[in-house]
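**Student:** I would like the atomic coordinates for the input below:
(chains A, B and C)
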Amino acid sequence: MSNELQRQLPPRDTRGDFSFPENNALDAGYGLTEATIDYISDAKGEPDWLREFRKTALKKFREMPMPMHWAPQEIAGLDFERIRYYLAQTTAPQRRWEDVPDEVKRTFERLGVPEQERAFLAGVDAQYDSETAYNNMRAELSAKGVIFTNSTEALTRHAAIFRPWFGKVIPMGDNKFSALNHAAFSGGSFIYVPKGVKLAQPLQAYFRINSESLGQFERTLIIADEGAELMYMEGCTAPKYDTATLHSGVVELVALPGAKIQYVTVQNWAQNVYNLVIQRGLAMEGAQIRWIDCNIGSGVTMKYPAVLLRGPHARGEVVSISIARDGQLQDTGARMIHAAPRTTSNIIAKSISIGKGRASYRGEVNVLPGMGNCRNHTECDALLLHSHSRTDTYPAITVHGDSSAVQHEASVSQVDEEMLFYMQQRGLTRAQAMSLAVNGFINDLVNEFPMEYSVELRRLIDLEMEDSVG
Amino acid sequence: MSATRQHLPAATTTPPDRLNEDWRFGRPQSFARDLIARFNSPEAADETGLLSCDAPTDWLCPQPPQDTFGGVSIGSEFIECLALQRLGSTLVLRIPENTDAEEHPIRIRCAARTLTCAGIHVEVLPGAHIHIIEEHEYTQDSALVALRSYTVHPGATLRLELRELGSGSSRALNISRISCAENSCVRQLTTYNHHLWAREETTALLSATAADLLLLSANRLNGGEWLDQRTRQLHTSPGAKSRLLYKNIVDADATAIFGGNIRVQPGAHESDSYLSNLNLLLSPDATVHSLPGLEILTDRVRCSHGSASAPIDPEQLFYLLSRGINETEARAMLADAFLAEVHSLFNQA
Amino acid sequence: MSLIIRNLHARVKDGAEILRGVDLELPAGEVHAVMGPNGSGKSTLSKVLCGHPDYEVTGGSAELDGQDLFAMSVDERSRAGLFLAFQYPAEVPGVSNANFLRAALKARLPQGEEPDVVAFYKQLRARMQQLGMDAKMTARSVNEGFSGGEKKRNDVLQMLMLEPKYAILDETDSGLDVDALRIVSDGVNAMRAPFRSFLIITHYKRLLDYITPDVVHIFSRGRIVRTGGRDLVDYIEEHGFDFLKNEQ
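**Tutor:** Okay, the predicted model is just below:
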């Protein structure tokens, strides 16, 4: 990052371990029942079809078992009855920070969101518990026909664009957590970029949990029309509570022919958060979807960004960094479904396990029958810092035909003691040396992040390393 | 890792739920059910005397060695329990200490009928060096469940070739356990030919330092064949080495499945482990499923895995063509070369 | 008897046109050099002549001793006497050098006939010795793990063994030290014969100090822009390829 930018952006609170007293006018209480759904639908003033839609999803959610036959056993500890499914102060987002309720505004200021917006963003969507508190985009983008709003407004004001794709990339019955999100969704972003429009600056969403035991179920749909390009960034924090918090978003991307979407996540949830997110993109002919995924926080994360390559020459990429410390399970990975010929995909995943932390890579690459000349390359590297650290790699690769090539490589390594000794001999503390070594390990991936984020990411990693190793 | 040999379930035709996960990918599950059904069919009478071995008679033993695995399995413990109850014949071979017989391979032959369940136990005592060639032969529509265990004691060397000679309509299930003691050296090469379907479950236990294991497989799959191989390299002690290289040439509408796992238990520092599954795709109807897994529960290890499935490299093909070799010949040369690495690794060392 | 190329156009499959009308006649017994700046299409010419699948011919023709070159498959062209010493020879793991050469020689014999093993190894050893190659190389896989120089030498070994009528040497000098360059050149010079021709593609003069060309072609932007004698090499050595800019 340039010095210029550094001056513009004072160090901000990247952990977000603070909270304000609850001040929720809207509270659906604990547990998820039909009454909860009625409460949410009433609060949002939703049409009957949507109310019924949510109830159908609830039924599916109840019928579907937890995926215990393959999922990490830790998710068995999640008690859906001890979660609050809807908490909000108001349902309507503000367009100006001065109109946002004081403690909400102070929260986002402390997290540095308004400064970032001024410095380099095209628009911001700030979600506080269940609802969007602030949503705004630069005026010139509205003039070009770009839509940037939340899921509630999308349903009412942009239904003609929103509804045809809503739930199409990730259907309601896809899995238990997509059913849950379809039942309880609130907030999240809806973006539409018209044909040929290329956004020079990123759009950003910030998901903030303030209240204890909250379940946050944001719902994001991004549509890039033919030849359109955009980058979207998502940040997440929450204060640490003794009880479990659940974050279970659904993110659907649609890249129409020739479009490019980059979706960046920097997740630093508190350790009591179950972060079970479904992210999937549909890439049509010649389109590109790139997930850049960084998981630092949460107690349990299960997240496998996917690209369904639906048109010839479509390209999918996942760049993934995860850090698992004591008490954390980062079960991350990627899925690439080659459903058209001449599609390519690339996955690069690096994980760091610290103390008793456990980082797992779970991946699927599937070249469907009849799809020729597809290419995939996957590389997974794991760094283990301590004797009780754990890493797993579970790729599943399927290839049909005789013209596609799929390659997977994985390795496990540790920090070289000689290198640490060298650095310590030159005056660095062991934690500093370790931090440098870890930064070196993921350096090439951090550089994939937008510049504004990469410096911050390094700072964040330093902070985490000092706490865990120092 | 649940059922043990000590707790046998009653014979039944209902496979356990785990079949779904451990026998993933459609058809294999129906093969498993088909096999289980044979256990209850009247044609599958007990068969004895189908195992033979040309080892000196004083190497043969009545008692199998102690099971050091405690029932570790990769999905077929249920079938294994059924097989144990109707074990037709069992061969127990104990190679005396310091035997040096690497130059003169021992041959074990096993002939499969409608449903043959065979137990093969080999114990290589300290300091012995032995080369075993095991051949499984099949009649039309026959099936074999082979329960194989190899216990290799400190300082011993075992070179083991398993040649599966199918009949085109045969089915094979090899459940193998290889236990490697301190300073032991084990090389296994499996080749599967002409089976309707074959499944291999190989578990290798590296429970002592400086154990050195090499698992190899080289196969050519043709019309309609299914080969389903599952392996586990289990490191429970520090300082052991295990390598695995499984290569398949997949032609016509054949399917190759590989599920491998390296597990390094807490404290097994300095484990050196590698697994690689490589597939050469020769037909538009070929299918490959590859699941190479790692579970590393400690640091200071060297572990990696790789999987690659690809057609013949066009640059290599062009190079051969440009030297005047015709395409059929060039493809055959490249296919042979693909498997040659496996054979040369087995013949080295 | 000659290799005749007329108005040859070719492009990368589904990509840009690289050869834009090449005319060249290589009569039996002659050595021609093709020089030109990087990226001018010299290497593409060699690959197109051999039938590399990445390229497609979009116009023009090529005749090898009266036969339509582009009607032949890659291996047929080779058996018809065309040889390419690659700029970047492919590695073929698992196929030993000896087996590979035997297969290539066998392909030149009538169906069912095998090359005489004793004579083959005798000749192979002699040729390897001539090129200063270690006898152990016969058992190693073709080009696998070879250094750049070893690969080039191995390609020249194949040329000596297969005795082509038309040999194209594509940047054979790159990656060779002076000693290796002399050995390789001696090998080529020893092969010069009234029934054999060479097309030497090179960026530098170096190789042409050892192998004297009869004709020199200057290649630029996919075409031959000038043809002359040995003196053209010296002109380029002195002036570089910059003069091309003014000409086009």
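
**Student:** what are the ranges of the helices in chain A?
**Tutor:** A:3-8, A:34-44, A:48-63, A:102-110, A:113-120, A:139-143, A:151-157, A:159-165, A:176-184, A:417-425, A:430-446, A:451-469 (DSSP state H).

**Student:** List the contacts of the nearest residue to residue A:349 once chain neighbours are set aside.
**Tutor:** Of all residues not flanking residue A:349 in the chain, residue A:320 sits nearest, at 4.1 Å (C-beta to C-beta, 6 or more residues apart in numbering or on different chains). In short, each C-beta sits where N, CA and C put it, glycine included. Residues near residue A:320 by C-beta atoms under 8 Å, 6 or more residues apart in numbering or on different chains: A:291, A:293-295, A:305, A:332-334, A:347-351, A:361, A:445.

**Student:** Give me the secondary structure label for residue B:253.
**Tutor:** Using DSSP: H, G, I helix; E, B strand; the rest coil, the structure places residue B:253 in coil.

**Student:** Residue C:181 should be in a helix, yeah?
**Tutor:** Yes: assessed with three-state DSSP, residue C:181 lies in a helix.

**Student:** now it: how far from residue C:97?
**Tutor:** 22 Å (C-beta to C-beta, to the nearest Å).

**Student:** ok, these two, which is more surrounded?
**Tutor:** residue C:97 (25 against 20; other C-beta atoms under 10 Å in any protein chain shown).

**Student:** Is the one residue sitting closest to the centre of chain C bridged to anything, and to what?
**Tutor:** Using C-alpha atoms, centre = their mean, the residue of chain C that lies closest to the mean C-alpha position is residue C:168, 2.1 Å off. Beta-bridge partners recorded for residue C:168 (DSSP bridges): residue C:84, residue C:199.

**Student:** per-residue pLDDT, it?
**Tutor:** If you check residue C:168, the pLDDT there is 95.

**Student:** Surely it is in contact with residue C:201?
**Tutor:** Yes: Residue C:168 lies in contact with residue C:201 (C-beta atoms under 8 Å); the separation is 6.8 Å.

**Student:** what touches both of the two?
**Tutor:** Both residue C:168 and residue C:201 are in contact with residue C:46, where contact means C-beta under 8 Å, 6+ apart.

**Student:** which ones are touching the residue of chain C found nearest chain B?
**Tutor:** At 2.9 Å from chain B, residue C:94 is the closest residue in chain C, using C-beta to the nearest C-beta. Residue C:94 makes contacts with B:334, B:336, B:337, B:338, B:339, B:340, B:341, C:141, as judged by C-beta under 8 Å, 6+ apart.

**Student:** Provide the backbone phi and psi angles at the closest residue to it other than its chain neighbours.
**Tutor:** Excluding the flanking residues, the one nearest residue C:94 by C-beta to C-beta, 6+ apart is residue B:337, at 2.9 Å. With angles defined as degrees, to the nearest 10, residue B:337 sits at phi -60, psi -30.

**Student:** likewise the one 5 residues further on?
**Tutor:** In this entry, residue B:342 is assigned phi and psi values of phi -60, psi -50 (degrees, to the nearest 10).

**Student:** what does the stretch 201-349 of chain B have sitting close to chain A?
**Tutor:** Contacts of the stretch 201-349 of chain B with chain A, taken as C-beta under 8 Å from any C-beta of the partner chain, map to B:266-267, B:269, B:279, B:281-311.
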